[in-house]
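Visitor: Sequence first, predicted coordinates after that:
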Amino acid sequence: MKKGLAILLVIIVLIILIAGWVVGKYNMMQRAQVDVQNQFAQVQAAYQRRFDLIPNLVETVKGAANFERGTLEAVIEARSKMGGSIQLPKEAITDPNAFANLQQAADGLSSALSRLMVVVERYPELKANQNYLNLQEQLEGTENRINQERRVYNDEAAKFNKIIVVVPNVILARLFNIREAELFKAAEAAEQAPAVNFN
């Protein structure tokens, strides 16, 4: 009888230890995932700031005589592809398709804005317009913030991914359906400098 009770106590203690270990590992993964989601929210906030600046920039540039309509339309179209808001559900960071769509739309908007800034160089009246200069400065600061937030996001996502891909965490991650976070990548053709032609 005492032997059976001792075995039962050992089994209960083992179950408690294993359950505690699993809970500890699960909580560690969840904390790391929350850090990634928090940083993704910072990226979204930076995107939203840029998104909100664009209408003012477009209106200021529209005032320039003979400004290339196609360039403005490209910016407006790229902005509309981002949608009315930059907010995505937190699950989007582990969904390759949703993440790729966000990055593609954001990169398209960055590209259109870069072309707009190059074209503006042809218009001295715009370069002398204080409203335009203020908006350009805000936009440049926002672009820098976006790059910084994306870099920090990638750091947090990489830390999280390292946690969930090692044994035994990978087993628990699969058991609890915890997936790797997607990373921001350089835009296609980012290694090529944009062609500038003022002719």
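Guide: Everything's here; your move.
Visitor: Past the helix or strand of the chain with the lowest mean pLDDT, which element shows up next along the chain?
Guide: Every helix and strand of the chain was ranked by mean pLDDT, DSSP states H and E. The lowest is helix 124-127, at a mean of 75. Remark: after helix 124-127, the chain's next helix or strand is helix 130-164, criterion DSSP states H and E.
Visitor: any idea of the mean pLDDT for that next one?
Guide: Averaged over helix 130-164, pLDDT sits at 92.
Visitor: How much space separates the residue positioned nearest the centre of the chain from residue 69?
Guide: When the chain is reduced to its mean C-alpha position, the nearest residue by CA atoms, centre = their mean turns out to be residue 43, at 4.7 Å. Distance, residue 43 to residue 69, by CB to CB, to the nearest Å: 32 Å. All C-beta spots, glycine's among them, are computed from the backbone N, C-alpha and C.
Visitor: same deal with residue 25?
Guide: From residue 25 to residue 69 the distance is 58 Å (CB to CB).
Visitor: is it true that residue 152 touches residue 41?
Guide: No: between residue 152 and residue 41 there is no contact under CB atoms under 8 Å: 11.6 Å.
Visitor: Please enumerate the strands of this structure.
Guide: Using DSSP state E, the chain contains no strands.
Visitor: ok, which stretches of the protein are helices?
Guide: Ranges of helices in the chain, per DSSP state H, are 2-62, 69-82, 96-120, 124-127, 130-164, 169-175.
Visitor: Residues touching the last one, excluding its own?
Guide: I take that to be helix 169-175. 22, 25, 26, 29, 163, 164, 165, 178, 179 (CB atoms under 8 Å, 6 or more residues apart in numbering).
Visitor: What residues sit buried inside stretch 161-171?
Guide: Residues of stretch 161-171 classed as buried: 161, 163, 164, 169 (neighbour count, 16 or more other CB atoms under 10 Å).
Visitor: related to what we said a few turns ago, just give the closest residue to the residue nearest to the centre of the chain, not the sequence neighbours.
Guide: Once flanking residues are discounted, residue 43 sits nearest to residue 149: 4.6 Å by CB to CB, 6 or more residues apart in numbering.
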